[in-house]
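Colleague: Provided below for reference: sequence and predicted model.
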Amino acid sequence: MLGAGRTAESRSLERGGSAKQHDQVSHLRKGGRAADKAGSEDRSASSVPALATTVSWGVRGMLADLLVGLTFWNVTTMFPDTIFYFPLFKMAISGYELACTVQLIALVCAFASSRTRFVLTTHQPVFHFISIVGFASFYCGPAAKIMILAVAESFGGLCIWSALTSNRQRRYRAMFGLVLSLVALVCCKMAYISLNPFWYNQFNNTIGILLAVLGGLLLILDGAYKNALVKTIDGIEQLGPRVHGLIPLSIGYGSMWMITRWMSTAHGVVARWVDVYPFPAGILCILATLIGLLLSRHPIVTTRIWACLAVLGAIGLYFVSGPLGFLGGVLLLGVTASSWLAYTDRVCDFIQVHPNSLWKLLTLAHAWVLLLEVLTVWVVAYNFVPGGTVTRERVYLVLFAATFGLCWVNMDGFNQHRAQSERRSWIPRREVLITAGLIVVLLLAPASVYRAQRQSGTPEPSPEIDGFFTAMIWTIHFGYDNYGEGNFDMVLDMIHRVGRPEIIGLLETDLTRLFTGNRDLMEYLSESLHYYEDYGPPTRDNTWGCGLLSYYPIERAERYLMPSPTGELAPLIDATVNINGTLVDVLVAHFGNFEDTEDRRLQSELVHNVTTSKDSDRPTIFLGYVVARPSHENVRKFYQAGFLDSAPHYYDRWCEYIFYKNVLLHEFSNESVGRISDTEWQKGYFQLSQFGDPAKLAQLDQLVDKYRMIGENNAAAKDHVALDSDLNEPPTILLTLTCILTKLMANGENALA
């Protein structure tokens, strides 16, 4: 009888003329808290019972959506980070990337029919509780972790997407709760210096599980999900400009999700794109997202001027460095956050006219997101993936595709029409304002104060003798250990164990990407050690990154993108460090892969030219990943530039090197660090030439056990010295003379004493 009644009503609409159609549409638009009873989406769903559509906006309901959203963001931000470990380990496509398509399959199955959508909408807590299993992946290995997170993201995504495609009051509350939960999570990540606190340790993970369970229980008690179906109508002419085509709406909706996941899930992403330190600049990114959300009911957010602001922000983010480029990124984040309400309205308007096409819209939107996410990998990993030459270094394609997609249907004045017919004020509800205020007071403000206190701290006094310093090189494997877990704390602990070198070169450090979790190892280490830092080329330059940490002030730093005609783009930092009044040049570089011979030749020539163009008497240290044996012609170029090898008898090397000139090398040490990284660290202990006081030199004896010249594992390499005597004889002779001179001076002082 329900289906027959609705059919009769539809026929009456068709015969009733424009006046009656206008009354019906006005009645639908003024649903609000006293909306009509909702049945199934179409005529074929007559078996679905009618439901009341009253939705409570109380504290309990708002908190429920906030905690449900927090669970979703925890899972969805961890999922790409987990998948990337396997292709990183293999340096090729691993097959685990197919786990990204699980949610596409889930969307098709869940929204393909009115019956499955009814079950999904009215059982949102069930899907939320299933998604909580994602937290349990904290205790699993990489392979099992991917499978668990794939299930968790699928069910959590279905819960969120069904809430966002519900009746007006339900989707408004779900949307505000979702974005506010993202702001809350980013505030927590800022306090943990870019790390997700709920994945930091077992205690925090347990807290995350408890909050997720609490959110599910509150959702059940609130009961808003029971009253969430959208009433359908016949005829697109009844909604006029409110309904857009399937393709534009899918791309726009997906672009909004993409920019949010890419740029808004950490405080430092925009800052690292434009060479700005993440804190306190990241506070503006958080506030931009929050303010944009609070403006989402304002008529201006869907005007052409607002859309142009998004495009202008994207242009600034990609083409401009420094504060001006950062403001462009902040503008883009604000416009994106303000688009959430308009897009959720458009999607539900589309459902009213095309109820059987909801699965198409959501699937296409998610496929668009997935395509853009894959491209963020392809533009930088082009040397290891099929078709990489097409996408090589073209991250701007992803940025502007997402930006123009966001603005495509978001500039037709739709909200202006709605503001006149449905909304008395653009100011959000009181519950939203209170929740936003609590997030600022209880999360953002304490996190900002905590970070400010960390930055104001001073480093421990240098343990070394005046005139001496240590330099270290280490490839930290993108912040992963050999088992797919984050290694931030282990890297920090190892740096302390080796004596906290004053100058540290780190490679493969650019982690502020979607597929590496938008983490920031350089920010974490620099604030934990209270060191000065240089991040290297910004993220938008599509390198794997190289960074410099220094106990001493960094007076100057230039970044180079070294010649890489065929292989991956190689970064170089050319910095000057002030060591107690003495300027020392420090170069940190990551050369290309072994297969790219021409790239590495050109890169070694660039380092040679950069070095020889400077003051020939200035102390200089090179810390890099050269990818060549000590006898290779690329290494010879360093000798031609005046450099000496810190370990001339270490023939097992083919990656990391420490070269030096115009300083004295006293000790060299290296160690393979097991699970922390797939490469060893190397360290040299140097003396500035003007500090030659015998009393100070005599103190070197106590450091012999701490710093070793060549490890015992390299003793066998001495048999091959004759093969490359022309290359290794000069540094060997100098090293021998230095050691003899040091001993003679020390003995002479003791004899005089």
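Modeller: Received it, and whenever you're ready, just let me know what you need.

Colleague: List the residue ranges of the stretch 401-550 of the chain that fall below the pLDDT cut-off.
Modeller: When the per-residue scores of the stretch 401-550 of the chain are filtered using pLDDT under 70, the ranges that remain are 410-425, 458-465.

Colleague: Could I get the full set of strands for it?
Modeller: Secondary structure of the stretch 401-550 of the chain (DSSP state E, counting those that start in this stretch): strands at 468-475, 503-507, 532-534, 546-550.

Colleague: wait, which of the ones you listed is closest to E605?
Modeller: Comparing the strands of the stretch 401-550 of the chain against E605 with Cβ to Cβ, the closest turns out to be strand 546-550 (18.3 Å). Every residue, glycine included, has its C-beta placed from N, CA and C.

Colleague: CA atoms only for the closest one, dumped as CSV, please.
Modeller: Listed in CSV are the C-alpha atoms of strand 546-550, where the atom choice follows Å, rounded to 0.1, in the frame of the first residue of the first chain:
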residue,chain,number,x,y,z
CYS,A,546,67.8,14.5,2.4
GLY,A,547,68.1,16.4,5.7
LEU,A,548,70.7,18.0,7.8
LEU,A,549,70.7,18.3,11.6
SER,A,550,73.3,20.4,13.4
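
Colleague: Buried residues, the next helix or strand after it. List them.
Modeller: Once the chain leaves strand 546-550, the next helix or strand it forms, by DSSP states H and E, is strand 554-562. Buried residues in strand 554-562, counted by 16 or more other Cβ atoms under 10 Å: I554, A557, R559, Y560, M562.

Colleague: Just the closest of the residues you listed to H666, please.
Modeller: Ranking the buried residues of strand 554-562 by separation from H666, with Cβ to Cβ as the measure, puts I554 on top at 24.0 Å.

Colleague: residue nearest the centroid of this structure?
Modeller: In the chain, the C-alpha closest to the average C-alpha coordinate belongs to N518, at a distance of 1.4 Å (Cα atoms, centre = their mean).

Colleague: and it, what are its phi and psi?
Modeller: phi 50, psi 40 (degrees, to the nearest 10).

Colleague: residue contacts, L358?
Modeller: L358 makes contacts with E41, F111, R117, T165, F350, I351, as judged by Cβ atoms under 8 Å, 6 or more residues apart in numbering.

Colleague: Pretty sure it sits in a helix.
Modeller: Yes. Note on L358: a helix contains this position according to DSSP: H, G, I helix; E, B strand; the rest coil.

Colleague: picking that back up, measure the nearest residue to the residue nearest to the centre of the chain once chain neighbours are set aside to Y192 for me?
Modeller: Leaving aside its sequence neighbours, N518 sits nearest to A266 (Cβ to Cβ, 6 or more residues apart in numbering; 3.6 Å). In this structure, A266 lies at 11 Å from Y192, with Cβ to Cβ, to the nearest Å as the measure.

Colleague: I247 is in contact with F350, correct?
Modeller: No. Shown here, F350 and I247 do not form a contact pair, counting by Cβ atoms under 8 Å, at 11.6 Å.

Colleague: out of those two, which sits in the busier spot?
Modeller: Residue environment comparison for F350 versus I247 gives the larger neighbour count to F350, 26 against 14, counting by other Cβ atoms under 10 Å.

Colleague: Give me the pLDDT value at that one.
Modeller: The predicted local distance difference test score for F350 is 87.

Colleague: Same question for the one 5 residues further on.
Modeller: Here the pLDDT value assigned to P355 is 80.

Colleague: How much space separates it from T344?
Modeller: The span separating P355 from T344 equals 16 Å under the rule Cβ to Cβ.

Colleague: which stretches of the stretch 651-753 of the chain have low pLDDT?
Modeller: When the per-residue scores of the stretch 651-753 of the chain are filtered using pLDDT under 70, the ranges that remain are 690-753.

Colleague: quick one: N482 and T679 touch, right?
Modeller: No. In this structure, N482 sits apart from T679 without contact. The criterion is Cβ under 8 Å, and the distance is 10.6 Å.

Colleague: can you give me how far stretch 572-587 is from the chain middle?
Modeller: Stretch 572-587 sits 30 Å away from the centroid of its parent chain (Cα atoms, centre = their mean, to the nearest Å).

Colleague: Buried ones in it, by neighbour count?
Modeller: Here stretch 572-587 shows L572, I573, D574, A575, T576, V577, I579, T582, V584, D585, V586, L587 as buried, counting by 16+ other Cβ under 10 Å.

Colleague: Over to stretch 618-637?
Modeller: 619-628, 630, 632, 634-637.

Colleague: Which ones among the residues you listed lie within strands?
Modeller: Secondary structure from DSSP state E places T620, I621, F622, L623, G624, Y625 of the buried residues of stretch 618-637 in strands.

Colleague: contacting residues for the fifth one?
Modeller: If a contact means Cβ under 8 Å, 6+ apart, then G624 has I473, G505, L507, L587, V588, A589, H590, F591, V607, E656, Y657, F659 as its contacts.

Colleague: Against T512, how distant is the closest residue to the fifth one other than its chain neighbours?
Modeller: I take that to be V588. Computed as Cβ to Cβ, 6+ apart, the closest residue to V588 that is not its neighbour in sequence is G505, at 3.9 Å. For G505, the distance to T512 equals 19 Å [Cβ to Cβ].

Colleague: neighbour count winner among these two?
Modeller: When G505 is set against T512 and neighbours are counted by other Cβ under 10 Å, the residue ahead is G505, at 32 against 27.

Colleague: The more buried one pairs with what?
Modeller: According to DSSP bridges, the partner residues bridging G505 are I473, L548.

Colleague: My read is that it contacts H590, right?
Modeller: No. Using Cβ under 8 Å, G505 is not in contact with H590; the gap is 9.5 Å.

Colleague: Now for the two: what residues contact both?
Modeller: C546, G624.

Colleague: and the gap between F129 and E502?
Modeller: Between F129 and E502 the distance, using Cβ to Cβ, works out to 52 Å.

Colleague: Find the helix or strand that the closest residue to A310 other than its chain neighbours is a member of.
Modeller: Counting by Cβ to Cβ, 6+ apart, A310 lies nearest to V335, which is 4.0 Å off, once chain neighbours are set aside. Following DSSP H and E, the helix or strand that holds V335 is helix 322-338.

Colleague: Let me see the mean pLDDT of that helix.
Modeller: Averaging pLDDT residue by residue across helix 322-338 gives 97.

Colleague: Could you list every helix and strand in contact with that helix?
Modeller: In terms of contacts (3 or more Cβ pairs under 8 Å, 6 or more residues apart in numbering; DSSP states H and E), helix 322-338 is packed against helix 246-263, helix 269-273, helix 278-294, helix 304-319, helix 395-408.

Colleague: F469: what's it in contact with?
Modeller: S462, P501, E502, I503, Y552, I579, V584, F686, L688.

Colleague: repeat that for 10 Å
Modeller: Going by Cβ atoms under 10 Å, 6 or more residues apart in numbering, F469 touches 462, 501-503, 550-552, 577, 579-580, 582, 584, 619, 621, 663, 684-688.
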